[in-house]
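> I would like the atomic coordinates for the input below:
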Amino acid sequence: MLNWLLGSIVRSIFESGIFLMVSIGLTLTLAVVKLPNFAHAEFITIGAYTTLIVTQFLPNNLPFALIASFLISGLIAIVVHQLAYKPLIKRRSSLYILVLASFAVAQFLRYTVFILASIGGMLSAHPLINVVPVLYIAGQALTNIYLLTLLLAILSAVFLSLFFKFTLTGKSMRAISSNQVLAQLSGINTERAINVMWILAGGLAGVGGSMLSPYVTVTPALGFNLLLEIFAVVIFGGLTSFIGTILGSLIMGFAENSLMDFLNIYFSVPYTYTPLIPFSLIIIVLLIKPTGFGLSYSVSRALKQRLIRTQSR
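A predicted model of the protein is given here:
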């Protein structure tokens with residue numbers, strides 16, 4: 001009766017790793033500059049296309065493709081910030097204006113990729129990367145890409161958590177998150193910290209697109225098609241919590257695989273209803289706990305301080 005379950009769990013864990021890779025950069029953006037950047041999805045597409053192009057010249061060279069995807073996507077992210085977001089922030093534009101600007105940037109990047117892909121004959125293509133089964137669990141192959149995705153996803157989450165908490169640049173980002181004007185008056189180089197943030201956010205999204213590309217058809221709409229799931233993940237995780245993003249990625253991965261397998265097998269619910277899951281999760285979380293189920297650094301620190309004060313009494 002439950003022969004399907006183990007294989008479904010294997011698929012769920014893999015998709016959770018992909019969701020974590022493509023979402024954690026948006027969590028970083030929300031944590032530092034508090035911008036729901038809808039152009040984030042396009043960095044995923046750019047990473048996938050970078051891998052596609054690199055492997056045309058260097059087949060199966062995944063390490064170089066990952067590095068190139070990080071650098072190209074990170075570079076484009078910082079250019080977007082300098083040309084679009086930074087001027088608006090300097091004019092003290094409202095969050096609504098910045099969100100609309102991110103929509104416009106996303107459209108511009110997506111259709112630029114459409115044009116370039118059309119010229120290059122790459123509107124629909126696959127990178128030249130061998131997906132090699134390492135072992136099988138319940139008929140599901142654990143491939144080299146599968147294992148590398150999980151490793152990179154976990155390392156990225158741990159790295160950002162430690163970076164945010166212990167490095168000077170990470171502490172500067174936390175100060176900017178709390179009060180950018182006060183951080184600037186305190187002598188913090190806010191411009192440098194924000195630039196590093198954009199490089200990390202865009203670069204990690206590009207790496208996520210690179211890891212996803214061997215399993216899907218790379219198109220200019222690749223990132224856009226993931227946008228709803230990405231926001232569902234970060235909303236579930238509390239928007240600014242790296243640990244919460246891990247939790248949100250796991251929930252999304254299992255909901256779109258194990259849950260749908262369960263509903264299909266026992267209640268004959270067709271898999272075409274899978275896109276309803278992100279909508280449902282967003283609505284449920286916003287109704288039950290709008291702040292999500294993860295703790296941001298500032299909230300966690302506040303709780304610790306309250307606990308210390310309570311114990312000292």
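
> hey, where'd the helices end up in this structure?
With DSSP state H as the criterion, the chain has helices at 3-32, 40-57, 62-80, 86-90, 95-119, 144-166, 168-178, 180-185, 190-212, 222-236, 242-254, 260-267, 276-288, 297-312.

> so which of those gets nearest Y136?
Between Y136 and the helices of the chain, the shortest gap by Cβ to Cβ is with helix 3-32, which sits at 9.4 Å. (C-beta placed from N, C-alpha, C; glycine too.)

> Could you check how far the closest one is from the centre of its chain?
Put simply, helix 3-32 sits 9 Å off its chain's centre (Cα atoms, centre = their mean, to the nearest Å).

> for the record, mean pLDDT for it?
Confidence for helix 3-32, expressed as mean pLDDT, is 89.

> now swap in stretch 82-94 and tell me
The average pLDDT for stretch 82-94 rounds to 92.

> Give the buried residues for that stretch.
Buried positions in stretch 82-94, judged by neighbour count with 16 or more other Cβ atoms under 10 Å: A84, Y85, K86, I89.

> Repeat that for stretch 105-121.
Those would be V105, A106, L109, R110, V113, A117, for stretch 105-121 by 16+ other Cβ under 10 Å.

> Let me have those in a markdown table, extended by distance to M21 and pLDDT.
Below are the buried residues of stretch 105-121 laid out as a markdown table (distance: Cβ to Cβ, whole Å; pLDDT from 0 to 100):
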| residue | distance to M21 | pLDDT |
| --- | --- | --- |
| V105 | 21 | 96 |
| A106 | 19 | 96 |
| L109 | 19 | 97 |
| R110 | 20 | 96 |
| V113 | 19 | 96 |
| A117 | 22 | 95 |
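
> Out of these, the closest to L276 would be?
A106 (23.1 Å).

> Please tell me how far the closest one sits from A41.
Relative to A41, A106 is positioned 7 Å away (Cβ to Cβ, to the nearest Å).

> which neighbours do these two share?
Residues touching both A106 and A41 by Cβ atoms under 8 Å, 6 or more residues apart in numbering: F224.

> for the chain, which spans come out with low pLDDT?
1, 293-313 (pLDDT under 70).

> Mind doing that once more with 50?
297-304, 306-308, 311 (pLDDT under 50).

> quick revisit: need the buried residues of stretch 82-94 in TSV (columns: distance to P127).
Putting the buried residues of stretch 82-94 into TSV (distance: Cβ to Cβ, whole Å) gives the following:
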residue	distance to P127
A84	29
Y85	30
K86	33
I89	36
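
> any idea which of those is closest to E256?
Using Cβ to Cβ, the buried residues of stretch 82-94 come closest to E256 at Y85, 31.2 Å.

> Who are the contact partners of the closest one?
Y85 touches V33, L35, L98, A101, S102, counting by Cβ under 8 Å, 6+ apart.

> Could you measure from M211 over to I46?
14 Å.

> With T190 instead?
26 Å.

> Show me which of those two is the more surrounded one.
Neighbour count, other Cβ atoms under 10 Å: between T190 and I46, I46 has more, with 29 against 19.
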